[in-house]
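Model the following, please.
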Amino acid sequence: MNKPVLVLNRNFEPINVCNTRRAVGLLMVGKAEIIENGRGYIRTAASVFPRPSVIRLAFMIHRPRPKVKLTKREIFRRDNYTCQYCGQTSPRLTVDHIIPRFRGGEYSWENLVAACPQCNRHKGGHTLQQAHMALRRRPAEPQPTAEYLYGRCLCDAERAEWGRYLEGW
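Here you go, the predicted structure:
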């Protein structure tokens, strides 16, 4: 009941990922319809319900364009869990300010990168020029594509079912 379900707007735009329990609730009250059912059925003593993979809302939701939230996890994800100074992939990464905060550096996508603890200690409170270090890639805010926003919920089975709904958004 906790498997992810892709929720589409009335115009087939992906707007959310919810669990199966929430999706079945939306289906039962008539707020959504099943688009993909590749997971079988949920059986109760009195009835049988399809277990959806993709649902579409019965009404249009008007909402602003999504933005990727600036969090530690999203910085690591943007940088592919790789230190932006030495290129080492490590499970123990830290977030480094390119321009240190006490020197006027901001808390923004362009000033934060993933760094291994050794590189972060080496750079310390210095700028890149003072520490004689260089970035492997210039940091920028990731584009909020449907694949980026909902891709972390996908395993191989969902990727096959959700693929055509995530492309182009």
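
Which parts of the protein are helices?
All helices of the chain, identified by DSSP state H, fall at 20-28, 72-78, 117-123, 128-131, 146-150, 156-166.

Pick out the residue closest to the middle of the chain.
L149 (3.7 Å; C-alpha atoms, centre = their mean).

for that residue, what are its contacts?
Contact partners of L149, counting by C-beta atoms under 8 Å, 6 or more residues apart in numbering, are 14, 66, 68. For the C-beta atoms, the positions are set from N, CA and C on the backbone; glycine is no exception.

Compare those and tell me which has the most neighbours.
Within the contacts of L149, neighbour counts (other C-beta atoms under 10 Å) peak at P14, which reaches 20 neighbours.

what number of residues lie near the closest residue to that one other than its chain neighbours?
Leaving out its chain neighbours, the residue that sits closest to P14 by C-beta to C-beta, 6 or more residues apart in numbering is A146, at 4.5 Å. If you count neighbours by other C-beta under 10 Å, A146 ends up with 18.

What of Q88?
Q88 is flanked by 12 other residues according to other C-beta under 10 Å.

again with Y107
Count around Y107 with other C-beta under 10 Å applied: 10.

Surely it touches K72?
No: in this structure Y107 lies outside contact range of K72 using C-beta atoms under 8 Å: 11.3 Å.

Could you measure from the closest residue to E106 other than its chain neighbours over to G125?
Nearest non-adjacent residue to E106, counting by C-beta to C-beta, 6+ apart: I99, 7.8 Å away. Relative to G125, I99 is positioned 10 Å away (C-beta to C-beta, to the nearest Å).

repeat for T44
In terms of C-beta to C-beta, T44 sits 61 Å off from G125.

who's more crowded, those two?
Per other C-beta under 10 Å, whichever of T44 and G125 has more neighbours is G125, with 11 against 8.

wait, what's in contact with the more buried one?
Contacts of G125 (C-beta under 8 Å, 6+ apart): 100, 102-103.
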